[in-house]
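Undergrad: okay, here's the prediction I keep looking at, along with the sequence it came from:
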Amino acid sequence: MASPRTLEVPIAGMDCAECAAHVRQAIEKLPGVAKADVLLGAEKAIIEIDEQQVDMDSIRAAVAEAGYSVPAADSPLPVRASSDSAQAFNRRLTLLLLGVFVGVLGVVVVGEWMGVFAFLNEQIPFYVGLVIVLAGGYPVLRNVIRATLRRQVVSHTLMTVGMLAALAVGEWVTAAIVVLFMRVGDYVENFTTESARRAVKELTALAPQTARIEELGLELEIPASQVAPGQVVIVRPGEKIPVDGEVLSGHATIDQAAITGESMPVEAAAGTKVFAASLARLGSLRIRTERSGADTTFGRVIKMVEEAEANRADVQRFADRFSAWYLPIVAGIAALTFIFSRNPLSTAAVLLVACSCSIALATPVAMLASIGASAKRGLLIKGGKYLETLARADVLLVDKTGTLTLGQPQVTDIIPLDGISRAEALRLAASAERYSEHPLAEAVRALARAEEINLAEPLDFRAIPGQGVEASIEGRKVLVGNSRLLPAASGLAQARELEAQGKTLLFLQIDGDLRAVFAAADILRAEVPEALKAARTLGIRHVELLTGDNPAAAAALAEKLGVSFRAGLLPEDKITIVREYQAKGHVVVMVGDGVNDAPALAQADVGIAMGAAGTDVAIEAAHIALMREDWTLVPEILKISRRTMQVVKMNLGLTGLYNLAGLTLAALGFLPPVLAAAAQSIPDIGIMGNSARLLRQK
């Protein structure tokens, strides 16, 4: 077999989880198809094929045979942003719930108790009623017939059998009510699916479609996806940035909420990295393009959210398997009901009350709701299975540099010696380090800038690799460096105390005399202690710090946070530690910066990349990417995962109980076919309302 090729094929007409399953089954039956994932939320299929055995025409034919269609390449599926606010969504949901319950109540009171249905059945000729039933139920009947010819049983198969049973005993009004509530159920499921898709559509609609580029002194507007790397893009106030790139000139306030979920704007000027779909306010920019279209950070975000549906949770796979067995079980219960009761109406009621739509919807709608809502807040989840796994996590392994800490050293202590003032020691040290490229030199200069200290011009500057610098400052010979440059300094009591805290030391020598000790450290992110505390309350039993840093620095940080640690690690050592915990039965979460931690992120049950905006390795390696460097997002995603699984389990539990009660009442003759037809829509409504809470979680 040739190397498989992956195709993305848009699919039109899917409204339910069952639709997606039918399309997947139809495509997977084709010779040469290795794998097919049909994504209901993204309205497309991702297919691995052998091009020597299958082509687009055969895929299009298989989809059409399943009852759906593949739009032409020049007619993509429409992408539209929802205009619904949260209040409008709640209002529509409430009205829908109210409408269904009023309809059921009307069937009970007007139809059954007042005898209206019986009167209609007697007064209107049967053939007229038959025409009404067939006309109203044509779309449903057509799909059931197609499925039956393909030897498939769908949820409406049972309803159709119940409808035919009602017609067989002359109850055309009952059959019409069945058709009515089947159509109501279809509307409910369409509404539910569209609600879950809304977050993806809103996200997709944020991407600008065109870009203004500089070419031969002119400004040309072209499709954003056609901008080439290196081309200069012009962005004016109030416009969205169409590419990832670096600002060449200009200044603007950038709203990056679409990428990072952060509501606070950032200031962009020459040298600033900017991302597609960010909004430029209060200024204009010239940007050199680095990536465009689907290759931008925003494009990859959309792709990950769309394809998250393919990574289905185990509980969703269970629901899929259960649905496959559920319909034959219901048919068996209906057969037993007829055998023991000889009552065709009770048999029809059994078939009518049992609809597997709610079971099939219970998991994917909740997962899509959580994944979509999280994406808009800068939390990218690659699939429902990672939400489910995260909800069971009990071990948290954390990288240090750039993850728990800011990743940049800062001066924490200055100890003047022999009468020199702190300010003067800082001024001379920063002046000597003025042209050094070392990170510690930048830390010294940064502190001097923060304290608004004017620096002197260093003469005879010389960098000594691995040791420090020397220079002439205002006629004095100044050395700034470590203990290798100034060995005598390591014996200072103050130096030993600072080193015991895991800090890195620099010493200042002026004209041969030691005059100050500087200590620098990578600073802990301010929100980390509270975030770890919150994670422990959400089920994390053990937290361990993993770092390649020296043991003293790791020990000081671990003691401050109240966690265990292992230091001096290489990337492969972190993988070994992850496997150790997994071998003991723990569910391991690894949080890292997505670069040197990539192997451990991939090995963990759930890998979380911190601050992944614009970082290819982070998005590829991790299962969840946090688009901004904010540790409060870690307990937030833990909370989301647990809440999502609570909703899923509630959906499955309530659906199971409801169907069990309905089947029992119908089999015993307490639930007439008309009420059974009305009642089957209620579980779909309940699942939609319960899952919709995840779209609005705070």
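TA: Arrived safely, thanks for sending. Residues are numbered from 1 along each chain as shown.
Undergrad: could you pull out the helices in the stretch 501-650 of the chain for me?
TA: Assigned by DSSP state H, counting those that start in this stretch, the stretch 501-650 of the chain shows helices spanning 528-537, 551-561, 571-583, 598-603, 616-621, 633-667.
Undergrad: compare the mean pLDDT across the ones you listed and name the weakest.
TA: For the helices of the stretch 501-650 of the chain, the stretch scoring lowest in mean pLDDT is helix 616-621; its value is a mean of 66.
Undergrad: so where's the stretch 251-400 of the chain uncertain?
TA: Low-confidence segments of the stretch 251-400 of the chain, defined by pLDDT under 70: 257-264, 304-324, 355-361.
Undergrad: and the helices in it, which stretches?
TA: 257-260, 297-307, 314-341, 344-353, 357-362, 364-375, 384-390.
Undergrad: measure Gly137 to Val227 for me?
TA: From Gly137 over to Val227 the distance is 51 Å, taken as CB to CB, to the nearest Å. To be clear about C-beta, it is placed using only N, CA and C from the backbone, and glycine gets the same treatment.
Undergrad: among those two, which residue is more densely surrounded?
TA: Here Gly137 and Val227 are set side by side on neighbour count (other CB atoms under 10 Å), and the busier one is Val227, at 25 against 22.
Undergrad: and the closest residue to the more buried one other than its chain neighbours, what is it in contact with?
TA: Nearest-residue entry for Val227: Ser292, 4.2 Å, with adjacent residues in sequence omitted and distances by CB to CB, 6 or more residues apart in numbering. Counting by CB atoms under 8 Å, 6 or more residues apart in numbering, Ser292 makes contact with 211, 224-229, 242-244, 276.
Undergrad: out of those residues, which sit inside strands?
TA: Counting by DSSP state E, the members of the contacts of Ser292 that fall within strands are 211, 244.
Undergrad: could the contacts of Ser292 go into CSV alongside distance to Phe119?
TA: Supplementary listing: these in CSV, determined by distance: CB to CB, whole Å:
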residue, distance to Phe119
Ala211, 67
Ala224, 64
Ser225, 63
Gln226, 67
Val227, 69
Ala228, 74
Pro229, 75
Pro242, 65
Val243, 69
Asp244, 69
Ala276, 64
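Undergrad: give me the buried entries from the contacts of Ser292.
TA: Burial by neighbour count, 16 or more other CB atoms under 10 Å: within these this picks out 211, 224-225, 227, 242-244, 276.
Undergrad: next, give me the two most distant ones among the residues you listed.
TA: Comparing all pairs in the buried ones among the contacts of Ser292 by CB to CB, the longest separation belongs to Ser225 and Asp244, at 12.6 Å.
Undergrad: picking that back up, nearest to Thr412, of the buried ones among the contacts of Ser292?
TA: Using CB to CB, the buried ones among the contacts of Ser292 come closest to Thr412 at Asp244, 35.3 Å.
Undergrad: tell me if I'm right that the closest one and Thr272 touch.
TA: No - here Asp244 does not reach Thr272: they are 11.9 Å apart, not a contact under CB atoms under 8 Å.
Undergrad: Asp50 and Ala61: what is the separation?
TA: Distance, Asp50 to Ala61, by CB to CB: 17 Å.
Undergrad: wait, Phe518 touches Thr504, no?
TA: No - the pair Phe518 / Thr504 is not scored as a contact, 9.0 Å apart, by CB under 8 Å.
Undergrad: neighbour count for these two, which is higher?
TA: Set side by side, Phe518 and Thr504 give different neighbour counts by other CB under 10 Å, the larger being at Phe518 (24 against 20).
Undergrad: three-state assignment of the closest residue to Ala62 other than its chain neighbours?
TA: Nearest residue to Ala62 in three dimensions, chain neighbours excluded: Ala26, at 4.5 Å (CB to CB, 6+ apart). Ala26 carries the three-state label helix when classified by DSSP: H, G, I helix; E, B strand; the rest coil.
Undergrad: how close does Ala26 sit to Ala277?
TA: Look at Ala26 and Ala277: by CB to CB, they are 35 Å apart.
Undergrad: neighbour count: these two, which is higher?
TA: Between Ala26 and Ala277, counted using other CB under 10 Å, the more crowded position is Ala277 (27 against 24).
Undergrad: surely that one meets Val243?
TA: No - contact between Ala277 and Val243 fails when scored by CB under 8 Å: they sit 9.9 Å apart.
Undergrad: any common contacting residues for those two?
TA: Thr296.
Undergrad: brilliant, that's me finished.
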